[in-house]
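Student: Any chance you could fold what I've pasted below:
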Amino acid sequence: MGGFLLSFSDSFLLAVLLWPFIAAFLTLPILVIQYRRYNQIIWRRAIGTYLFILYGLGLLSFTLYPMPDNPVAFCQAYQLSPQLVPFTFISDIAHDGTRAILQVVMNIAFFIPLGVFARLFFRWKFIPTLIIAGLVSLSIETAQLTGAFGYYPCSYRLFDVDDLLINTI
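Tutor: Coordinates of the predicted model:
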């Protein structure tokens, strides 16, 4: 497990360090548009916009971006196949304990902000929020299955149907 995680170290560190700065940079054009529309910066809206962009980048960074530093060595050493059996996470918890529980908790933690933003920021109802959460989760899981839609030469993250279900709910 340690060798697997070490293969992500450089790209993960870069993502964590750049994450808040890139979010601030991407927030600036939106603030300009808001200023032109309202002739003032509404700080509540500005902070909400920054937090939404920070969340979106964080979700992408921690689910897709940390790619192994050496693609050829990683693809030769690890062959990841999709986990397509629903509710396997229950037996994973019984077998792997804390590690499997942490996996489930992190999936929930990554998608709770999406529901909060959908309801408070966009004022969406339950069904549209559920559909968006499902589509976002499906996009992430598909990207993990396809090596970021072919950008990476192999599947470097596990496509898991349980993640899809937990993230959506």
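
Student: Output stretch 162-169 as CSV, nothing but the C-alphas.
Tutor: Coordinates of each C-alpha in stretch 162-169 appear next as CSV, following Å, rounded to 0.1, in the frame of the first residue of the first chain:
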residue,chain,number,x,y,z
ASP,A,162,-20.5,1.6,-4.6
ASP,A,163,-18.8,5.0,-4.9
LEU,A,164,-21.4,6.0,-7.5
LEU,A,165,-24.2,5.0,-5.2
ILE,A,166,-22.8,6.5,-2.1
ASN,A,167,-21.8,9.8,-3.8
THR,A,168,-25.3,10.2,-5.4
ILE,A,169,-27.2,9.5,-2.2
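
Student: buried sites along that stretch?
Tutor: 162-164, 166-168 (16 or more other CB atoms under 10 Å). From N, CA and C alone the C-beta is placed, and that goes for glycine too.

Student: what's the most distant pair in those residues?
Tutor: Greatest spatial distance among these (CB to CB): 162 and 168, at 10.8 Å.

Student: how about the helices of this protein, start to end?
Tutor: 2-6, 9-38, 43-63, 71-77, 88-96, 98-116, 126-145, 161-168 (DSSP state H).
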